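[1] have a look; sequence and predicted model below, questions after that.
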Amino acid sequence: MPTILGQNQYGKAENRVVKITREGDTHHIKDLNVSVALSGELDEVHYSGSNANVLPTDTTKNTVFAFAKEHGIESAEQFGILLAQHFVDSCEPITKARIRVEEYDWERIETSEANSKFIGADDVRHSFVRKGAETRTAQITYDGEGFQVFSGLKGLTVMNSTNSEFWGYIKDRYTTLREDYDRILATEVTSVWRHSWDGGDKRRPNWEKSYQQTKKHMLHAFAETYSLSLQQTLYQMGSRVINSRAEIDEIRFSMPNKHHFRVDLEPFGIKNETADGAVYYAADRPYGLIEATVLRDGAEALIPVDMTNL
Ligand SMILES: O=c1[nH]c(=O)c2[nH]c(=O)[nH]c2[nH]1
């Protein structure tokens, strides 16, 4: 044989597993990206195509989701240890397993202005913002006479682990989507808002305070809206900003629906019910893309439809 096989490994990479744990109305998230790489007595599959020693990568993926439900995700390390041990101990030809984990951290959106130690009845306990600052944006134009100031943000990722439904939509011969009465709602907000100040007599806004408050109203409206669609949530976020911030006349959003599909674990005899705290598959594409402008009544729509170059 003129060639020989060198190092080899295989497995399912980037399993996006999200585990919601419910403690009454208080929810907790673990959000991981888990990659499995197995090696062992795998010469034959390369040389002759015999799959006799191959545990399918599809099975390694299912194991990740099933383990998340059965054992929970205590930590990235503990979850990785469980998986690595499982593959090597339960599958004879597999002699080595490498589990790589990326963990995405989420912070609670605190909706109560009061000391968060005293959780009020209307405090939301299922709304999260992904850690890591969003990117703040601004575009200023001046034509010698007046200014136009757009402020904005992108990369603000938020999630509600309940209080979201989607049903009652059009159904045609191509519809397969099942109506959902308790789903995860997650999106990465891109938004641009226009200040009414144009350099004239109006008071110049305090840009820092205006940004912080706008973001706060956006987050609170996201957390507090019981959502029947992402479109409805978007409109609530926009109106909250317009109604709370006198200096802003127009706001536009571009919000991808970051789908989280509840994993079917029935084939493994595991129930994955929402009410018990379920395991979800975070899909990255395709995604629904919901975009709209919210205006103060009587204001002109001046923010471009396509905000990518702002
Ligand atoms: O909030 C949603 N709005 C939609 O328009 C839509 N379409 C879809 O398939 N899922 C969803 N969710």
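    Structure received. Only a predicted model underlies this, so the values are computations on that prediction, with no experimental measurement involved. Residues are numbered from 1 along each chain as shown.

[2] who's in contact with the top helix by length along the chain?
    Across the chain, the longest stretch assigned as helix under DSSP state H is helix 207-224. The contact list for helix 207-224 (Cβ atoms under 8 Å, 6 or more residues apart in numbering) reads 109, 111, 124, 127, 129, 134, 136, 151, 153, 156, 158, 160, 189, 191, 193, 195, 233, 236-237, 239-241, 244-245, 247-248. The way it works is simple: take the backbone N, C-alpha and C, and place the C-beta from them, glycine included.

[3] got a quick PyMOL command for the buried subset of those?
    To isolate the buried members of these in PyMOL, using 16 or more other Cβ atoms under 10 Å:
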select buried, resi 109+111+124+127+129+134+151+153+156+158+160+189+191+193+195+233+236+237+239+240+241+245+247+248
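
[4] just the contacts of helix 207-224: which are in strands?
    Per DSSP state E, strands hold the following members of the contacts of helix 207-224: 127, 129, 136, 151, 153, 156, 158, 160, 189, 191, 193, 195, 248.

[5] between those residues, which sits nearest the ligand?
    Closest to the ligand out of the ones in strands among the contacts of helix 207-224 is residue 160 (11.6 Å), distances taken as Cβ to the nearest ligand atom.

[6] hmm, the longest helix of the chain in reach of the ligand?
    No - no part of helix 207-224 sits near the ligand under the criterion Cβ under 6 Å from any ligand atom; the closest distance found is 12.9 Å.

[7] and that helix, what's buried?
    Going by neighbour count (16+ other Cβ under 10 Å), the buried part of helix 207-224 is 210-211, 213-224.

[8] cool, stretch 176-188 as well?
    183-188.

[9] quick one on the thing from earlier: single out whichever of the ones in strands among the contacts of helix 207-224 has the smallest pLDDT.
    Note: of the ones in strands among the contacts of helix 207-224, the lowest pLDDT belongs to residue 136, at 92.

[10] now the nearest residue to it once chain neighbours are set aside: how far from residue 78?
    Nearest non-adjacent residue to residue 136, counting by Cβ to Cβ, 6 or more residues apart in numbering: residue 153, 5.4 Å away. From residue 153 across to residue 78, the span is 35 Å (Cβ to Cβ, to the nearest Å).

[11] need the residues of the stretch 151-300 of the chain near the ligand, please.
    Counting by Cβ under 6 Å from any ligand atom, the residues of the stretch 151-300 of the chain near the ligand are 166, 177, 229-231, 257, 288.

[12] low-confidence stretches in the protein?
    1, 113-122 (pLDDT under 70).

[13] kindly recompute the last result at 50.
    For the chain, residues meeting the criterion pLDDT under 50 lie at 114-119, 121.

[14] would you map out the domains in it?
    15-104, 107-259+283-295 (automatic domain parsing).

[15] give the buried residues for stretch 99-113.
    99, 101, 104, 106, 108-111.
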